[in-house]
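# sequence and predicted structure below; questions after.
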Amino acid sequence: MRSPLHRLTPIAAAIVLASALHAVPAAHAQVATVNGVAIPQARLDAVLKMLAANKQPDTPENRARVKDQLINNEVIAQEAVKKGVHKQPEVAAQLDLQRQETLVNAFVQDYLKANSVTDEVMRKEYERVKPTIPAKEYHARHILVEKEDDAKSIIAQVKKGGSFEKIAAEKSKDTGSKAKGGDLDWGPSNRYVKPFGDALAKLKKGQMTDVPVKTDYGYHIIRLEDERATKVPSFEEAKPQLQQMLQGQAVRKMLADLRAKAKVE
């Protein structure tokens, strides 16, 4: 089910998320007060930061809109509390979940700052992964059917001049490629399950498999459109992906360590 945030404008969605933050004491800088309750500047800043991440500029107009929306939210929130809305089980659960998610995200960000991935670590990983990149990548098409006899029949049709693309669009079970005439775009052979990848690597440009290739998905008729040498990205080009991957590994290890220490019943 889609989150209700998907139905909000970028500003409104950011404000909803920022509202999950802990309130800043009234002695700090304020945007406004509503019935004596301070709307902290930190809340407006948090919204603007979220908007900036979504390419929404920090302009006087946006600041005014955010301030006005924060005031509206505070007016409504105070009325909701008066009516006891915050005590409704579903609402209380949502508020608790928002608070928890905010704490989790903040903790992870703090952890990554304290355990930043250095260029040295990224370069070491780059040199480790680089030799494992396949030398070739292939542009393939395929037709996937359930029965071997149907696959054999299709091979015979194509050999007699039938359109591979048209048959793929009509008969292939692969919903991701059938509308494109079975086109799988470019990729290394190890992108596919082994029987498929092995058969693909043996084909020459323009050649189709003479017999159906069986996998757990069914029977494939594969045609190799083209092949080329794999372009290995430079270290600088690969850095964003390397950083993301290594950060993900670090967070998973941190979580595993915390889970190991936690008493879960």
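Good, I have the coordinates.

# list the buried ones in stretch 30-49?
30-31, 34, 38-40, 42-48 (16 or more other C-beta atoms under 10 Å). C-beta here means a position set from N, CA and C on the backbone, and glycine is covered the same way.

# state the pair within those residues that is farthest apart.
Greatest spatial distance among these (C-beta to C-beta): Val34 and Leu48, at 19.6 Å.

# ok so, going back, closest to Lys67 among the buried residues of stretch 30-49?
Val31 (5.4 Å).

# gap between the closest one and Gln56?
18 Å (C-beta to C-beta, to the nearest Å).

# try Val193
43 Å.

# so who does Glu148 touch?
Pro212, Lys214, Tyr219 (C-beta atoms under 8 Å, 6 or more residues apart in numbering).

# can I get the buried residues of stretch 30-49 in a markdown table with pLDDT, distance to Ile155 and secondary structure?
Shown next, in a markdown table, are the buried residues of stretch 30-49 (pLDDT from 0 to 100; distance: C-beta to C-beta, whole Å; DSSP: H, G, I helix; E, B strand; the rest coil):
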| residue | pLDDT | distance to Ile155 | secondary structure |
| --- | --- | --- | --- |
| Gln30 | 91 | 74 | strand |
| Val31 | 90 | 70 | strand |
| Val34 | 94 | 73 | strand |
| Ala38 | 93 | 74 | strand |
| Ile39 | 93 | 70 | strand |
| Pro40 | 92 | 69 | strand |
| Ala42 | 91 | 66 | helix |
| Arg43 | 91 | 65 | helix |
| Leu44 | 91 | 65 | helix |
| Asp45 | 90 | 64 | helix |
| Ala46 | 88 | 60 | helix |
| Val47 | 90 | 60 | helix |
| Leu48 | 89 | 61 | helix |
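
# could I get those residues as TSV with distance to Gln69?
Rendered in TSV, the data for these read as follows (distance: C-beta to C-beta, whole Å):
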residue	distance to Gln69
Gln30	16
Val31	11
Val34	13
Ala38	16
Ile39	11
Pro40	15
Ala42	16
Arg43	11
Leu44	10
Asp45	14
Ala46	13
Val47	8
Leu48	12
